[in-house]
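J.: generate a structure from the sequence data that follows.
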Amino acid sequence: MSAAIVVLAAGQGKRMHSNLPKVMHRVAGKPMVEHVLDTARAVSDARPVLVYGHGGAQLRAGLAHRDLTWVEQAEQLGTGHAVAQTLDELPSEGLVLILYGDVPLLRAASLEALLHAAAESGFGVLTVKMNDPTGYGRIVRGEGGDVARIVEHKDASAAELAIDEINTGIMAIDAARLKTWIPRLGNQNAQGEYYLTDCVEMAVAERVAVKGVLIADADEAMGVNNRRQLAEVERIHQRRLADALLEQGVTLLDPARIDIRGELVCGRDVVIDVNCVFQGRVVLGDGVRIGPNNVITDAELGDEVEVLPNCVIDAASIGGASRIGPFSRIRPETHLARDTHIGNFVEIKKSDIGQGSKVNHLAYVGDAEVGRDVNIGAGTITCNYDGAYKHKTVIEDDVFVGSDTQLVAPVRIGRGVTIGAGTTVTEDVEAERLVISRVRQKTISGWQRPRKQKK
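T.: Numbers count the residues shown, from 1 in each chain. This next block holds a predicted model:
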(Lines give C-alpha, C1' and ligand atoms only; values in the text may rest on other atoms or scores of the structure.)
Protein backbone atom coordinates (compact mmCIF):
# COMPACT_ATOMS: atom_id res chain seq x y z
CA MET A 1 0.00 0.00 0.00
CA SER A 2 1.36 3.41 -0.95
CA ALA A 3 0.75 6.78 0.65
CA ALA A 4 2.11 10.31 0.54
CA ILE A 5 4.73 10.85 3.24
CA VAL A 6 5.14 13.96 5.39
CA VAL A 7 8.00 14.09 7.91
CA LEU A 8 7.94 16.91 10.46
CA ALA A 9 11.50 17.96 11.31
CA ALA A 10 11.36 21.70 12.01
CA GLY A 11 11.85 21.72 15.78
CA GLN A 12 14.83 23.47 17.33
CA GLY A 13 15.50 20.89 20.01
CA LYS A 14 16.60 23.36 22.68
CA ARG A 15 17.01 20.62 25.29
CA MET A 16 19.68 18.95 23.18
CA HIS A 17 21.94 21.99 23.87
CA SER A 18 23.49 21.58 20.44
CA ASN A 19 24.23 23.53 17.28
CA LEU A 20 23.14 20.48 15.29
CA PRO A 21 19.46 20.20 14.30
CA LYS A 22 17.80 17.73 16.65
CA VAL A 23 16.79 15.24 13.98
CA MET A 24 20.39 15.02 12.73
CA HIS A 25 21.66 13.56 15.99
CA ARG A 26 22.70 9.99 15.33
CA VAL A 27 21.26 6.67 16.37
CA ALA A 28 23.40 3.68 15.41
CA GLY A 29 25.65 5.95 13.38
CA LYS A 30 22.84 7.43 11.27
CA PRO A 31 20.81 10.64 11.74
CA MET A 32 17.55 9.69 13.44
CA VAL A 33 15.52 11.35 10.70
CA GLU A 34 17.07 8.88 8.26
CA HIS A 35 15.75 6.01 10.34
CA VAL A 36 12.30 7.55 9.91
CA LEU A 37 12.79 8.01 6.16
CA ASP A 38 14.01 4.42 5.76
CA THR A 39 10.98 3.07 7.63
CA ALA A 40 8.69 5.20 5.48
CA ARG A 41 10.40 3.88 2.37
CA ALA A 42 9.54 0.35 3.47
CA VAL A 43 5.79 1.10 3.26
CA SER A 44 5.61 3.68 0.46
CA ASP A 45 7.59 4.59 -2.62
CA ALA A 46 6.31 8.18 -2.58
CA ARG A 47 8.85 10.98 -2.43
CA PRO A 48 8.78 12.22 1.18
CA VAL A 49 7.89 15.82 1.98
CA LEU A 50 10.18 17.02 4.76
CA VAL A 51 9.20 20.06 6.81
CA TYR A 52 12.25 21.93 8.10
CA GLY A 53 12.83 25.04 10.18
CA HIS A 54 15.73 25.51 12.58
CA GLY A 55 19.11 24.56 11.15
CA GLY A 56 17.67 24.22 7.67
CA ALA A 57 20.98 24.66 5.86
CA GLN A 58 22.61 21.93 7.96
CA LEU A 59 19.64 19.65 7.49
CA ARG A 60 19.61 20.06 3.74
CA ALA A 61 23.36 19.51 3.52
CA GLY A 62 23.19 16.41 5.72
CA LEU A 63 20.35 14.90 3.70
CA ALA A 64 21.52 16.01 0.25
CA HIS A 65 21.81 12.36 -0.82
CA ARG A 66 18.09 11.74 -0.17
CA ASP A 67 15.33 12.34 -2.72
CA LEU A 68 13.09 14.72 -0.76
CA THR A 69 10.64 17.54 -1.29
CA TRP A 70 11.66 20.36 1.07
CA VAL A 71 9.09 22.63 2.72
CA GLU A 72 10.06 25.38 5.18
CA GLN A 73 8.14 26.14 8.35
CA ALA A 74 9.56 29.57 9.14
CA GLU A 75 7.62 29.86 12.41
CA GLN A 76 6.98 26.82 14.59
CA LEU A 77 3.32 27.23 15.51
CA GLY A 78 2.40 23.60 16.09
CA THR A 79 1.99 20.34 14.22
CA GLY A 80 -1.12 21.51 12.37
CA HIS A 81 0.74 24.59 11.19
CA ALA A 82 3.63 22.40 10.02
CA VAL A 83 1.33 20.18 7.96
CA ALA A 84 -0.34 23.31 6.54
CA GLN A 85 2.95 24.19 4.84
CA THR A 86 2.86 20.93 2.89
CA LEU A 87 -0.65 21.07 1.42
CA ASP A 88 0.47 22.32 -2.00
CA GLU A 89 2.86 19.37 -2.28
CA LEU A 90 0.31 16.69 -1.40
CA PRO A 91 -1.84 14.72 -3.85
CA SER A 92 -5.57 15.36 -4.01
CA GLU A 93 -6.46 11.77 -3.17
CA GLY A 94 -5.08 8.78 -1.31
CA LEU A 95 -3.66 8.64 2.20
CA VAL A 96 -1.13 11.00 3.75
CA LEU A 97 1.15 9.41 6.36
CA ILE A 98 2.43 11.98 8.88
CA LEU A 99 5.64 11.08 10.71
CA TYR A 100 8.14 12.81 13.01
CA GLY A 101 11.86 13.08 12.42
CA ASP A 102 12.70 12.54 16.10
CA VAL A 103 10.89 9.17 16.49
CA PRO A 104 13.46 6.75 15.03
CA LEU A 105 12.38 3.41 16.56
CA LEU A 106 9.12 3.01 14.67
CA ARG A 107 8.77 -0.30 12.80
CA ALA A 108 7.43 -0.68 9.29
CA ALA A 109 4.90 -3.27 10.46
CA SER A 110 3.25 -0.66 12.68
CA LEU A 111 2.93 1.77 9.78
CA GLU A 112 1.48 -0.95 7.59
CA ALA A 113 -1.17 -1.66 10.23
CA LEU A 114 -1.95 2.06 10.47
CA LEU A 115 -2.32 2.44 6.69
CA HIS A 116 -4.53 -0.64 6.50
CA ALA A 117 -6.87 0.74 9.18
CA ALA A 118 -6.93 4.21 7.63
CA ALA A 119 -7.75 2.78 4.21
CA GLU A 120 -11.09 1.59 5.60
CA SER A 121 -12.26 4.91 7.02
CA GLY A 122 -9.91 7.62 5.81
CA PHE A 123 -8.33 8.35 9.21
CA GLY A 124 -6.01 6.34 11.46
CA VAL A 125 -4.04 7.27 14.56
CA LEU A 126 -1.17 5.23 15.98
CA THR A 127 -1.42 4.83 19.77
CA VAL A 128 0.45 3.14 22.62
CA LYS A 129 -0.16 2.58 26.31
CA MET A 130 2.36 3.94 28.79
CA ASN A 131 2.84 3.40 32.52
CA ASP A 132 3.61 7.10 32.83
CA PRO A 133 1.83 9.08 30.08
CA THR A 134 2.84 12.47 31.50
CA GLY A 135 3.26 15.04 28.76
CA TYR A 136 1.47 13.09 26.06
CA GLY A 137 -1.93 13.68 24.47
CA ARG A 138 -4.56 11.22 25.75
CA ILE A 139 -6.70 9.05 23.48
CA VAL A 140 -10.38 9.34 24.35
CA ARG A 141 -12.34 6.54 22.69
CA GLY A 142 -16.07 6.49 22.00
CA GLU A 143 -18.56 3.75 22.72
CA GLY A 144 -17.75 1.87 19.52
CA GLY A 145 -14.01 1.88 20.25
CA ASP A 146 -13.01 4.48 17.67
CA VAL A 147 -11.13 7.60 18.72
CA ALA A 148 -13.51 10.36 19.80
CA ARG A 149 -10.88 13.00 20.49
CA ILE A 150 -7.27 13.55 21.52
CA VAL A 151 -6.65 15.82 24.51
CA GLU A 152 -3.25 17.42 24.99
CA HIS A 153 -1.78 16.92 28.46
CA LYS A 154 -1.90 20.61 29.38
CA ASP A 155 -5.55 20.82 28.34
CA ALA A 156 -6.70 17.54 29.94
CA SER A 157 -9.09 17.17 32.87
CA ALA A 158 -8.26 15.00 35.88
CA ALA A 159 -10.28 12.11 34.41
CA GLU A 160 -8.53 12.44 31.05
CA LEU A 161 -5.11 12.54 32.70
CA ALA A 162 -5.86 9.09 34.16
CA ILE A 163 -6.01 7.58 30.64
CA ASP A 164 -2.88 5.57 29.85
CA GLU A 165 -3.38 5.32 26.07
CA ILE A 166 -1.54 8.12 24.35
CA ASN A 167 -1.27 9.67 20.93
CA THR A 168 2.02 9.04 19.15
CA GLY A 169 1.29 11.89 16.75
CA ILE A 170 1.65 9.51 13.83
CA MET A 171 -1.43 9.61 11.60
CA ALA A 172 -2.69 8.47 8.22
CA ILE A 173 -5.40 10.75 6.82
CA ASP A 174 -7.28 10.93 3.56
CA ALA A 175 -5.62 13.69 1.52
CA ALA A 176 -8.82 15.39 0.37
CA ARG A 177 -10.20 15.61 3.90
CA LEU A 178 -6.83 16.74 5.30
CA LYS A 179 -6.82 19.65 2.85
CA THR A 180 -10.23 20.81 4.10
CA TRP A 181 -9.54 20.32 7.81
CA ILE A 182 -6.09 21.90 8.15
CA PRO A 183 -7.17 25.45 7.12
CA ARG A 184 -9.94 25.31 9.74
CA LEU A 185 -7.65 24.62 12.70
CA GLY A 186 -7.65 27.13 15.53
CA ASN A 187 -5.15 27.87 18.29
CA GLN A 188 -7.47 28.34 21.27
CA ASN A 189 -5.44 26.20 23.68
CA ALA A 190 -2.88 26.51 26.46
CA GLN A 191 0.02 26.61 24.00
CA GLY A 192 -1.55 28.94 21.45
CA GLU A 193 -0.60 26.44 18.74
CA TYR A 194 -2.39 24.78 15.85
CA TYR A 195 -2.76 21.11 16.78
CA LEU A 196 -2.97 18.44 14.12
CA THR A 197 -4.89 16.38 16.67
CA ASP A 198 -7.87 18.76 16.36
CA CYS A 199 -8.56 17.08 13.02
CA VAL A 200 -9.94 14.19 15.06
CA GLU A 201 -12.89 16.25 16.33
CA MET A 202 -13.54 17.53 12.82
CA ALA A 203 -13.58 13.95 11.53
CA VAL A 204 -15.96 12.82 14.26
CA ALA A 205 -18.25 15.74 13.49
CA GLU A 206 -18.36 14.62 9.86
CA ARG A 207 -18.98 11.00 10.90
CA VAL A 208 -15.55 9.86 9.71
CA ALA A 209 -14.47 6.94 11.88
CA VAL A 210 -11.04 7.60 13.42
CA LYS A 211 -9.34 4.25 13.87
CA GLY A 212 -6.97 4.00 16.82
CA VAL A 213 -4.23 1.47 16.03
CA LEU A 214 -2.70 0.37 19.31
CA ILE A 215 0.83 -1.04 19.09
CA ALA A 216 2.22 -3.23 21.84
CA ASP A 217 5.77 -1.90 21.99
CA ALA A 218 5.74 1.59 23.50
CA ASP A 219 9.43 2.00 22.62
CA GLU A 220 8.45 2.48 18.99
CA ALA A 221 6.80 5.79 19.82
CA MET A 222 9.67 7.14 21.90
CA GLY A 223 10.68 10.61 20.77
CA VAL A 224 14.02 12.27 21.42
CA ASN A 225 14.07 15.67 23.12
CA ASN A 226 17.30 15.53 25.12
CA ARG A 227 20.58 13.64 25.37
CA ARG A 228 19.26 11.19 27.93
CA GLN A 229 16.46 10.13 25.62
CA LEU A 230 18.91 9.90 22.74
CA ALA A 231 21.04 7.50 24.79
CA GLU A 232 17.97 5.44 25.73
CA VAL A 233 16.88 5.19 22.09
CA GLU A 234 20.41 4.11 21.12
CA ARG A 235 20.41 1.27 23.65
CA ILE A 236 16.95 0.09 22.62
CA HIS A 237 17.95 0.06 18.98
CA GLN A 238 21.22 -1.73 19.69
CA ARG A 239 19.43 -4.38 21.72
CA ARG A 240 17.07 -4.96 18.79
CA LEU A 241 20.05 -5.48 16.50
CA ALA A 242 21.71 -7.79 19.02
CA ASP A 243 18.55 -9.86 19.38
CA ALA A 244 18.37 -10.25 15.60
CA LEU A 245 21.95 -11.53 15.53
CA LEU A 246 21.24 -13.99 18.33
CA GLU A 247 18.23 -15.29 16.40
CA GLN A 248 20.50 -15.84 13.39
CA GLY A 249 22.86 -17.97 15.47
CA VAL A 250 25.60 -15.46 16.24
CA THR A 251 27.19 -15.80 19.69
CA LEU A 252 27.37 -12.48 21.53
CA LEU A 253 29.21 -12.86 24.81
CA ASP A 254 27.24 -9.88 26.14
CA PRO A 255 24.38 -8.63 23.93
CA ALA A 256 24.29 -5.38 25.91
CA ARG A 257 27.84 -4.50 24.88
CA ILE A 258 27.86 -4.36 21.09
CA ASP A 259 27.38 -1.35 18.80
CA ILE A 260 26.31 -1.73 15.18
CA ARG A 261 26.42 1.54 13.27
CA GLY A 262 25.54 0.28 9.83
CA GLU A 263 25.07 -3.27 8.51
CA LEU A 264 26.65 -6.36 10.06
CA VAL A 265 26.38 -9.57 8.03
CA CYS A 266 27.47 -12.74 9.82
CA GLY A 267 28.05 -16.30 8.64
CA ARG A 268 27.59 -19.40 10.76
CA ASP A 269 29.23 -19.89 14.16
CA VAL A 270 30.48 -16.33 14.52
CA VAL A 271 31.54 -15.31 18.03
CA ILE A 272 31.74 -11.66 19.07
CA ASP A 273 33.19 -10.59 22.42
CA VAL A 274 32.29 -7.44 24.35
CA ASN A 275 32.66 -3.76 23.45
CA CYS A 276 32.99 -4.19 19.69
CA VAL A 277 31.89 -1.47 17.27
CA PHE A 278 30.87 -2.27 13.68
CA GLN A 279 30.52 0.68 11.29
CA GLY A 280 29.41 0.87 7.67
CA ARG A 281 28.99 -2.54 6.03
CA VAL A 282 30.91 -5.34 7.72
CA VAL A 283 30.80 -8.95 6.51
CA LEU A 284 32.05 -11.76 8.79
CA GLY A 285 32.51 -15.22 7.27
CA ASP A 286 31.80 -18.56 8.91
CA GLY A 287 33.61 -19.26 12.15
CA VAL A 288 34.97 -15.73 12.59
CA ARG A 289 35.99 -14.88 16.15
CA ILE A 290 36.10 -11.23 17.21
CA GLY A 291 37.82 -10.47 20.52
CA PRO A 292 36.92 -7.60 22.84
CA ASN A 293 37.30 -3.88 22.15
CA ASN A 294 37.60 -3.98 18.35
CA VAL A 295 36.43 -1.32 15.90
CA ILE A 296 35.70 -2.67 12.41
CA THR A 297 34.52 -0.43 9.57
CA ASP A 298 33.51 -1.29 5.99
CA ALA A 299 35.48 -4.54 6.02
CA GLU A 300 35.13 -8.14 4.90
CA LEU A 301 36.61 -10.94 6.97
CA GLY A 302 36.88 -14.43 5.47
CA ASP A 303 36.04 -17.74 7.13
CA GLU A 304 37.84 -18.62 10.38
CA VAL A 305 39.51 -15.25 10.80
CA GLU A 306 40.43 -14.40 14.37
CA VAL A 307 40.69 -10.79 15.53
CA LEU A 308 42.36 -10.52 18.92
CA PRO A 309 41.60 -7.62 21.30
CA ASN A 310 41.96 -3.89 20.65
CA CYS A 311 42.29 -3.74 16.86
CA VAL A 312 41.09 -1.20 14.31
CA ILE A 313 40.17 -2.49 10.85
CA ASP A 314 39.02 0.08 8.30
CA ALA A 315 37.97 -0.49 4.66
CA ALA A 316 40.03 -3.65 4.30
CA SER A 317 39.59 -7.30 3.34
CA ILE A 318 41.01 -10.10 5.46
CA GLY A 319 41.55 -13.54 3.94
CA GLY A 320 40.33 -16.72 5.59
CA ALA A 321 42.19 -18.29 8.54
CA SER A 322 44.13 -15.08 9.17
CA ARG A 323 44.93 -13.77 12.63
CA ILE A 324 44.93 -10.09 13.50
CA GLY A 325 46.13 -8.46 16.70
CA PRO A 326 46.17 -7.72 19.47
CA PHE A 327 46.59 -3.95 19.01
CA SER A 328 46.80 -4.04 15.19
CA ARG A 329 45.63 -1.30 12.86
CA ILE A 330 44.55 -2.26 9.35
CA ARG A 331 43.96 0.87 7.30
CA PRO A 332 41.99 1.43 4.06
CA GLU A 333 42.84 -0.33 0.80
CA THR A 334 44.61 -3.17 2.57
CA HIS A 335 44.06 -6.70 1.35
CA LEU A 336 45.35 -9.62 3.36
CA ALA A 337 45.46 -13.01 1.66
CA ARG A 338 44.60 -16.26 3.39
CA ASP A 339 46.51 -17.36 6.50
CA THR A 340 48.28 -14.05 7.16
CA HIS A 341 49.33 -12.97 10.64
CA ILE A 342 49.35 -9.32 11.65
CA GLY A 343 50.44 -8.90 15.24
CA ASN A 344 50.69 -6.47 18.10
CA PHE A 345 51.33 -2.79 17.37
CA VAL A 346 51.53 -3.37 13.62
CA GLU A 347 50.04 -0.89 11.15
CA ILE A 348 49.23 -1.88 7.57
CA LYS A 349 48.14 0.82 5.10
CA LYS A 350 47.13 0.46 1.43
CA SER A 351 49.04 -2.79 1.01
CA ASP A 352 48.56 -6.31 -0.34
CA ILE A 353 49.94 -9.01 1.93
CA GLY A 354 50.38 -12.47 0.37
CA GLN A 355 49.25 -15.84 1.70
CA GLY A 356 51.10 -17.15 4.72
CA SER A 357 53.02 -13.93 5.34
CA LYS A 358 53.62 -12.60 8.84
CA VAL A 359 54.08 -9.12 10.26
CA ASN A 360 53.92 -9.89 13.94
CA HIS A 361 55.56 -7.11 15.96
CA LEU A 362 55.91 -3.32 16.02
CA ALA A 363 56.04 -2.69 12.28
CA TYR A 364 54.64 -0.30 9.66
CA VAL A 365 53.89 -1.49 6.12
CA GLY A 366 52.45 1.15 3.82
CA ASP A 367 51.98 1.35 0.04
CA ALA A 368 53.48 -2.11 -0.30
CA GLU A 369 53.04 -5.32 -2.25
CA VAL A 370 54.15 -8.25 -0.13
CA GLY A 371 54.34 -11.76 -1.57
CA ARG A 372 53.69 -15.19 -0.09
CA ASP A 373 55.44 -16.61 2.99
CA VAL A 374 57.24 -13.37 3.83
CA ASN A 375 58.38 -12.75 7.40
CA ILE A 376 58.76 -9.11 8.43
CA GLY A 377 60.62 -8.67 11.70
CA ALA A 378 59.92 -6.39 14.63
CA GLY A 379 60.56 -2.69 14.17
CA THR A 380 60.54 -2.84 10.37
CA ILE A 381 59.09 0.07 8.42
CA THR A 382 58.50 0.89 4.78
CA CYS A 383 59.66 4.47 4.27
CA ASN A 384 56.99 5.27 1.71
CA TYR A 385 56.73 9.06 2.02
CA ASP A 386 59.41 11.47 0.82
CA GLY A 387 57.68 14.57 2.16
CA ALA A 388 55.70 15.18 -1.03
CA TYR A 389 54.82 11.82 -2.63
CA LYS A 390 54.10 8.24 -1.63
CA HIS A 391 56.20 5.46 -3.16
CA LYS A 392 55.74 1.71 -3.40
CA THR A 393 57.70 -1.12 -1.83
CA VAL A 394 57.58 -4.56 -3.47
CA ILE A 395 58.64 -7.60 -1.45
CA GLU A 396 58.54 -10.83 -3.44
CA ASP A 397 57.79 -14.34 -2.10
CA ASP A 398 59.76 -16.05 0.67
CA VAL A 399 61.66 -12.95 1.81
CA PHE A 400 62.95 -12.76 5.40
CA VAL A 401 63.21 -9.21 6.73
CA GLY A 402 65.23 -8.91 9.92
CA SER A 403 64.22 -6.69 12.81
CA ASP A 404 64.72 -2.92 12.75
CA THR A 405 64.92 -2.75 8.96
CA GLN A 406 64.05 0.33 6.90
CA LEU A 407 62.91 -0.20 3.32
CA VAL A 408 63.22 3.16 1.54
CA ALA A 409 60.70 3.26 -1.29
CA PRO A 410 60.59 2.97 -4.21
CA VAL A 411 62.37 -0.34 -3.81
CA ARG A 412 61.95 -3.99 -4.86
CA ILE A 413 63.18 -6.95 -2.83
CA GLY A 414 63.61 -10.10 -4.95
CA ARG A 415 62.35 -13.57 -4.16
CA GLY A 416 64.08 -15.44 -1.33
CA VAL A 417 66.15 -12.46 -0.13
CA THR A 418 67.32 -12.35 3.50
CA ILE A 419 67.76 -8.92 5.07
CA GLY A 420 69.89 -8.74 8.19
CA ALA A 421 68.61 -6.96 11.29
CA GLY A 422 69.25 -3.23 11.43
CA THR A 423 69.61 -2.84 7.66
CA THR A 424 68.56 0.19 5.63
CA VAL A 425 67.67 -0.85 2.08
CA THR A 426 67.73 1.97 -0.49
CA GLU A 427 68.31 0.00 -3.70
CA ASP A 428 66.59 -2.94 -5.41
CA VAL A 429 67.86 -6.37 -4.32
CA GLU A 430 68.08 -9.36 -6.69
CA ALA A 431 66.63 -12.73 -5.73
CA GLU A 432 68.29 -15.08 -3.22
CA ARG A 433 70.70 -12.47 -1.84
CA LEU A 434 71.74 -11.57 1.72
CA VAL A 435 71.58 -7.85 2.46
CA ILE A 436 73.38 -6.25 5.42
CA SER A 437 74.11 -2.56 5.92
CA ARG A 438 75.07 -2.49 9.60
CA VAL A 439 78.11 -0.61 10.90
CA ARG A 440 80.68 -3.14 12.13
CA GLN A 441 80.53 -3.63 15.91
CA LYS A 442 83.36 -2.22 18.02
CA THR A 443 84.15 -3.07 21.64
CA ILE A 444 86.17 -0.50 23.56
CA SER A 445 87.88 -1.49 26.80
CA GLY A 446 88.59 0.84 29.69
CA TRP A 447 85.70 3.15 28.87
CA GLN A 448 84.02 4.86 31.81
CA ARG A 449 80.39 5.93 31.80
CA PRO A 450 79.91 9.52 33.05
CA ARG A 451 78.62 9.60 36.62
CA LYS A 452 77.34 12.33 38.91
CA GLN A 453 79.73 13.50 41.56
CA LYS A 454 78.60 12.87 45.12
CA LYS A 455 78.01 16.03 47.14
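J.: who's in contact with the longest helix belonging to the chain?
T.: In the chain, with assignment by DSSP state H, the single longest helix is helix 227-248. Counting by Cβ atoms under 8 Å, 6 or more residues apart in numbering, the neighbours of helix 227-248 from elsewhere in the structure are 16-17, 25, 27-28, 32, 104-105, 219, 222-224, 252, 255-256, 258-260, 264, 266, 272. All C-beta spots, glycine's among them, are computed from the backbone N, C-alpha and C.
J.: of the residues you listed, grab the buried ones for ChimeraX.
T.: To isolate in ChimeraX the members of the contacts of helix 227-248 that are buried, counting by 16 or more other Cβ atoms under 10 Å, one can use:
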select :16,25,27,28,32,104,105,219,222,223,224,252,255,258,259,260,264,266,272
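J.: would you mark the buried spots in the longest helix of the chain?
T.: Under the neighbour-count rule (16+ other Cβ under 10 Å), helix 227-248 has 230, 233, 234, 236, 237, 238, 241, 242, 245 buried.
J.: name the member of those with the shortest distance to residue 128.
T.: Distance to residue 128 across these (Cβ to Cβ) is lowest for residue 236, with 13.8 Å.
J.: next one: that closest one from residue 102, what distance?
T.: For residue 236, the distance to residue 102 equals 14 Å [Cβ to Cβ, to the nearest Å].
J.: picking that back up, quick one: distance of the longest helix of the chain to the chain centre.
T.: Shown here is helix 227-248, whose average C-alpha point lies 12 Å from the average C-alpha point of the whole chain (Cα atoms, centre = their mean, to the nearest Å).
J.: so what touches stretch 72-84?
T.: Residues contacting stretch 72-84 (Cβ under 8 Å, 6+ apart): 6, 8, 10-12, 51-54, 56, 85, 98, 169, 178, 182-183, 185, 187, 191, 193-199.
J.: now do 6 Å
T.: By Cβ atoms under 6 Å, 6 or more residues apart in numbering, the residues outside stretch 72-84 that reach it are 8, 10, 51, 53, 85, 182, 185, 193, 194, 195, 196.
J.: where are the low-confidence patches of this protein?
T.: Across the chain, the stretches falling below the confidence threshold (pLDDT under 70) are 1.
J.: 80 - rerun?
T.: For the chain, applying pLDDT under 80 flags the ranges 1-2, 189-190, 455.
J.: and the helices in it?
T.: Taking DSSP H as the criterion, the chain contains helices spanning 32-43, 56-62, 79-84, 108-121, 158-161, 175-181, 199-205, 227-248.
J.: buried stuff in stretch 331-338?
T.: When burial is assessed from 16+ other Cβ under 10 Å, stretch 331-338 yields the following buried residues: 331, 334, 335, 336, 337, 338.
J.: swap in stretch 154-162?
T.: In terms of neighbour count (16+ other Cβ under 10 Å), stretch 154-162 has its buried residues at 156, 160.
J.: over to it now: how far is its first residue from its last?
T.: Separation of the first and last residues of stretch 154-162 by Cα to Cα, to the nearest Å is 13 Å.
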